[in-house]
Each structure stands twice: as C-alpha cells, then as structure tokens.
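> Need a 3D model of the sequence below.
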Amino acid sequence: MKRPLFLIIASIAVSLPAVCFAANEEIQVYMDDMSEPGQLGVDVHHNYVPSGDANAPYPGGLAARHQYRLTPEFYYGLTNNLELGLYLLTARASDGTAHFEGEKVRVKYIAPHDADNGAFWGANLEVGRTNLYASPQAWNAELKGIIGYRSGRWTFAMNPNVDWSLSAGGGPVTLDVDGKVAYKVTEKTQIGFETYNELGPLRHLQGWSQNSKTVYLALDHDFGAFDLNAGIGRGVTSDADKWVVKCIIGTHF
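Take a look at the predicted model:
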C-alpha cells in the first residue's frame, strides 16, 4: 500500500497551480517497458503550457495557453509481450474550469529481445472516445510503431505514429514521428532529449516548418517505489506551443 499512497501524494503535489506540470494528454516516447503477466501499474501524466496559443483551436475546444492536463493511465500485463491500458483524460482550462474529456484504451506488443543491449521493436494500438474539449471528432485511433536500440549507456528510440478518425468526415490520416536519445548517467538516472514532430496528412506530408514540432530536455529516474519522466519542451515551429512542462509518475502494484 505504500507505493500507491506515495504515488497519489506525489501526483497531487505536482498538480498544484504553483508547480503545475496543454499539449497532448500524454507526452512520451514509447519504449520496451512492459508489466509482468498479472501485474497492474499506473502512470499519472501531467503537462502544462505556460506559453502557447491563447485561442481555441476550433469552436468548443480549449486554448493551449495555461491549460493543464492530468491523465491517469492504468495498465495490466497479459503476457510477457502483451499489455492492456486505459487512459482517463481530464483538463483544467486557463479560466480554472475543470473538464473530463473522455477515455482511451490501448494494447501494446513488444517482441522478445535483450532488455540491456541491442534492438527492440513493437507496436501500440490505441482507440478512444472523447468529447469536444479534446477533439472535434468523437472517435479516434492511433497505431504507434516502437523501434529502439541500446548500446552501452546510450538508448535510441523512435515512434512513427499513424493517426486517424473513426468518426464520419473525420479528415485525413496523419503521421507524426517522435524520438528519444538518452544517456545513462547512473544505473537509475538517464538524461537526454525527446522530440515530437507532426508531419501532416500521410498522403501529402508537409514541410518541416509546418505543423507542431517540439524538443524536450528530459530526465528519467528510478526511485525504486516509483519512476519519473520529466521534461521541459520548446516549440520550434510557429504551430507549436512555445513552452511545455511535462511529468509522468508511475508505479506497479
């Protein structure tokens, strides 16, 4: 019981307005981490936009500037290679009003591999139903590729992500590519960079200066009872939020 209690206390602490840790409900590069069969885990995603667009992206949507997102993610290990997950999306708008935005479910597969060295790969399929606060389309899906390589203290990973709407008239299929480079400073601490890049419609990819592209200085640390991923992001295109702060706290039961 100590681990879940500590997780809740830590999550509440980083949720306070003075230190809020909107961008997407989850800002992370998917890796090869998996829950053991029969094991339940939870990640609490926090992200906050101190500097971004003050206008709503569409009628009924929430402006990014000063928006804070809190997303609990529950996941369960089915086998050594399969994991199920559930997201509960919430947001606090710049005027202080709180909103529940919907739910998403996922199934993640990671192929057998050496966890310490060499290549790893897998995929994550996500389907969600959200309200207008989160998206103009109610039903959406994403197929996330997971590709990575470890060599000594270095870790490299990439997620090519294909997104599409399951709602009628939902628009084109789009592509974004996320990446991570991390260096192991100690056995429990990594520092590095993460990058999140929207490339536009899959059939007509757009130029580098278009759409949202953000680079994060990131820290990963294993505290034993829980793990932490935190980062400060800087938008590098005009469509991106100028600054984003993110924090993910996770544990297993």
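> would you list every one of the helices in the stretch 1-150 of the chain?
Secondary structure of the stretch 1-150 of the chain (DSSP state H, counting those that start in this stretch): helices at 2-15.
> low-confidence ranges in it?
Along the stretch 1-150 of the chain, segments meeting pLDDT under 70 span 1-23.
> residue contacts, residue 155?
Each residue near residue 155 by C-beta atoms under 8 Å, 6 or more residues apart in numbering is listed here: 31, 148, 149, 180, 181, 182, 183, 184, 190, 192. Quick note: C-beta positions are derived from backbone N, CA and C, even for glycine.
> at 10 Å what do you get?
Contacts here follow C-beta atoms under 10 Å, 6 or more residues apart in numbering; on that basis residue 155 touches 29, 31-32, 120, 148-149, 180-184, 190, 192, 220.
> for residue 55, same thing?
61, 63, 64, 65.
> Out of these, who's the most crowded?
With neighbours taken as other C-beta atoms under 10 Å, the top of those is residue 64, carrying 22 neighbours.
> hmm, back to that, let me know the closest of the contacts of residue 155 to residue 173.
Closest approach to residue 173 among those (C-beta to C-beta): residue 29, at 21.2 Å.
> which element is the closest residue to the closest one other than its chain neighbours on?
Nearest residue to residue 29, sequence neighbours excluded (C-beta to C-beta, 6 or more residues apart in numbering): residue 180, at 4.0 Å. Residue 180 is part of strand 174-184, with elements assigned from DSSP states H and E.
> All the strands of this structure, residue numbers only.
Using DSSP state E, the strands of the chain run over 40-51, 68-77, 82-92, 98-110, 118-130, 139-151, 154-165, 174-184, 189-201, 213-222, 227-235, 243-252.
> could I get those as CSV with distance to residue 57?
What follows is the strands of the chain, written out as CSV (distance: least, C-beta to C-beta, whole Å):
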stretch, distance to residue 57
strand 40-51, 12
strand 68-77, 14
strand 82-92, 13
strand 98-110, 14
strand 118-130, 14
strand 139-151, 15
strand 154-165, 15
strand 174-184, 15
strand 189-201, 13
strand 213-222, 16
strand 227-235, 14
strand 243-252, 15
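> Select, out of the ones you listed, the one closest to residue 207.
Nearest of the strands of the chain (C-beta to C-beta): strand 189-201, 8.6 Å.
> is it true that residue 64 touches residue 214?
No: counting by C-beta atoms under 10 Å, residue 214 is not a contact partner of residue 64; they are 11.7 Å apart.
> what stretches of the stretch 151-253 of the chain score poorly on pLDDT?
Checking the stretch 151-253 of the chain against pLDDT under 70 turns up nothing.
> which residues sit in contact with residue 183?
So residue 183 contacts 152, 153, 154, 155, 189, 190, 191, 192, 193 (C-beta under 10 Å, 6+ apart).
> and the closest residue to the third one other than its chain neighbours, bridged to which residues?
Leaving aside its chain neighbours, residue 154 sits nearest to residue 183 (5.9 Å; criterion: C-beta to C-beta, 6+ apart). Counting by DSSP bridges, residue 183 is bridged to residue 154, residue 191.
> Report the contact partners of the spatially closest residue to residue 53 that is not a sequence neighbour.
Counting by C-beta to C-beta, 6+ apart, residue 53 lies nearest to residue 64, which is 4.8 Å off, once chain neighbours are set aside. Taking C-beta under 10 Å, 6+ apart as the criterion, residue 64 is in contact with 22-23, 49, 51-57, 94, 212, 240-242, 244.
> Emit the ChimeraX select command for whichever of these are buried.
Buried subset of those, written as a ChimeraX selection, criterion 16 or more other C-beta atoms under 10 Å:
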select :22,23,49,52,53,94,212,240,241,242,244
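> Which two of the contacts of residue 64 have the greatest separation?
94 and 212 (18.7 Å).
> For the residue lying closest to residue 56 once chain neighbours are set aside, list the residues it contacts.
For residue 56, ignoring the flanking residues on the chain, the nearest one in space by C-beta to C-beta, 6+ apart is residue 63 at 5.1 Å. Residue 63 makes contacts with 22, 49, 52, 53, 54, 55, 56, 57, 93, 94, 95, as judged by C-beta under 10 Å, 6+ apart.
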